[in-house]
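> Give the three-dimensional model of this entry:
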Amino acid sequence: MCARGTYDPPATGPLAGLTPDQIENLLLRAVLDDLKGGGCAPASISSRSKCELGERLRRATGLPLRSVTGFLRISRSSYEHHRARLGRDRDAGPRPLVREAFEAGRGRHGYRRVHAELRRRGVVASEKRVRRVMREEGLVARRPRRKRHSSYEGEPDARPANLPRERAEARRAAGEDFRADHDLSAAAPGELLVTDVTEFAMDGYRRYLSPVVDCFDGMPLAWSLSLHPDSAPCDSSLAAAPGALPGGARPTVHTDGGGPYRAASWKGLCERRHVARSMSRPARSGDNAPAEGFFGTLKIEMFDGRDWAGVGLEEFRGEVDAYMAWYRDGRLKRFDEPGGGCSYETIEGRRRRLGLAV
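Residues are numbered from 1 along each chain as shown. You can find the predicted model right below:
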């Protein structure tokens, strides 16, 4: 007796009179109908998904299992293995834990940080599994809104050197394979600081935030909130920052070319506090990438998507203070390790592990 081909019609029933080409065409049409209904292409899915598709094709065409498995290019044993498990929630165990970790991050964590949080709690689940559960549960971390803005109005005075850019050039001149345009790294806390001003559009008015961020690990050292984007919040945050630095630190503070950083009050404050000034090139926001990145994260995780109607300055200040404390003490941040690989730790926890003052 000859073995039957993949597309040979069944011996009896309404499909018995079809040719192999007609059987194949029937399956292709069924797949197209499945795709229109939100299904998946057979070549791009897992064995479990092929089994789910196969069951839908069998119901739609009435074809025998032999034809369906051959068409989907899946062995019968694999098909039967997954068919026995259809209807079960394979992620029933980690599902509530993933949601709990996501909500503990206040909706700000993507799947990598949710996975890191689960590992901290002793939960064994792969990143792929966490990502799948988050997708199925609709757990989506906050994302940035695109907005273009430029406040550049020309050069009012001599611009200080762009020290991170000079450091990068010096490393390349020494023969190092350093490809970044700027060296914004810091070997120790208090070595390199960045600061800038960002705007929050509130309920009919605006708020302006000026933080000072340590490039060693991204810790916000000090911050000031104001109704006006002038020198007051910038000077205030820089004046408070040395209290969070190691004793004897003489940092470099890198800024953009905005007016507050060209003002006499800023220059005098830097001189009195023994802070070296550094400044980005004109209209190059990427030169101050750590500050811009910090603002993006802050707005995604704290500000965007919330209703701020009726929130006054002091209430908003409390929200900002609470976020800054959580960013330092509770938020899992990705750190590249010297020997390769990466880890997820809080800024405070990492400093304690390294024996650094917090």
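
> shaky segments in the stretch 1-150 of the chain?
1-18, 23, 26-27, 30-45, 87, 145-150 (pLDDT under 70).

> hang on, Ala180 in a strand?
No: applying DSSP: H, G, I helix; E, B strand; the rest coil, one finds Ala180 to be coil, outside a strand.

> any idea how far it lies from Gly122?
Ala180 is 37 Å from Gly122, where distance means CB to CB, to the nearest Å. No exception for glycine: its C-beta is placed from N, CA and C like everyone else's.

> and the residue most central in space within the chain, what are its phi and psi?
Nearest to the geometric centre of the chain sits Gly110, at 5.9 Å (CA atoms, centre = their mean). Main-chain torsions, Gly110, degrees, to the nearest 10: phi -80, psi -180.

> Which residue, other than its chain neighbours, is closest to it?
Among residues not flanking Gly110 along the chain, Ala141 sits closest, at 4.4 Å (CB to CB, 6 or more residues apart in numbering).

> Same drill for Ala180 and Gly122, tell me which one is more crowded.
Ala180 (13 against 6; other CB atoms under 10 Å).

> so Arg142 touches Gly107, yeah?
Yes: shown here, Arg142 and Gly107 form a contact pair, counting by CB atoms under 8 Å, at 6.2 Å.

> Overlap in contacts, these two.
Residues touching both Arg142 and Gly107 (CB atoms under 8 Å, 6 or more residues apart in numbering): Glu301.

> what about these two, which has more around it?
Higher neighbour count among Arg142 and Gly107: Arg142, with 19 against 14, using other CB under 10 Å.

> ends of stretch 256-269, how far apart?
One end of stretch 256-269 sits 17 Å from the other (CA to CA, to the nearest Å).

> Revised request: answer the last question for stretch 103-110.
Taking CA to CA, stretch 103-110 runs 11 Å from one end to the other.

> Stretch 239-248 now?
First-to-last residue span, stretch 239-248, CA to CA: 15 Å.

> So which bits of that stretch are buried?
By 16 or more other CB atoms under 10 Å, the buried positions in stretch 239-248 come out as Ala241, Pro242, Ala244, Leu245.

> contacting residues around Arg328?
Neighbouring residues of Arg328 by CB under 8 Å, 6+ apart: Met219, Pro220, Thr346, Ile347, Glu348.

> pLDDT on stretch 271-290, on average?
What stretch 271-290 shows for mean pLDDT is 86.

> Please disregard the earlier target; I meant stretch 193-205.
Per-residue scores along stretch 193-205 average to 90.

> Start the count at 33 instead of 1 going forward.
Yes, from this point I'll number from 33; that puts the last item at stretch 225-237.

> returning to that earlier point: from the contacts of Arg360, pick the one nearest Thr230.
The shortest approach to Thr230 among these belongs to Pro252, at 12.4 Å (CB to CB).

> Now Met251. Its backbone dihedrals?
phi -70, psi 130.

> Can you name the residues bridging to it?
Assessed by DSSP bridges, Met251 has beta-bridge partners Asp246.

> Let me know the helix or strand that Trp298 is in.
Using DSSP states H and E, Trp298 sits within helix 296-304.

> Centre of the chain to that helix, how far?
From the chain centre to the centre of helix 296-304 is a distance of 36 Å (CA atoms, centre = their mean, to the nearest Å).

> buried sites along the helix or strand following that helix?
Downstream of helix 296-304, the first helix or strand assigned by DSSP H and E is strand 308-311. Neighbour-count burial for strand 308-311 flags Arg309, Ser310, Met311 (criterion: 16+ other CB under 10 Å).

> May I see the buried residues of stretch 115-131?
Arg115, Asp123, Pro126, Arg127, Leu129, Val130.

> Out of these, which sit inside strands?
Of these, none are assigned to strands by DSSP state E.

> For the closest residue to His260 other than its chain neighbours, give me its contacts.
Spatial nearest neighbour of His260, excluding adjacent residues (CB to CB, 6+ apart): Tyr240 at 6.6 Å. Going by CB under 8 Å, 6+ apart, Tyr240 touches Val229, Thr230, Glu231, Phe232, Leu257, Ser258, Leu259, His260, Pro261, Pro265.
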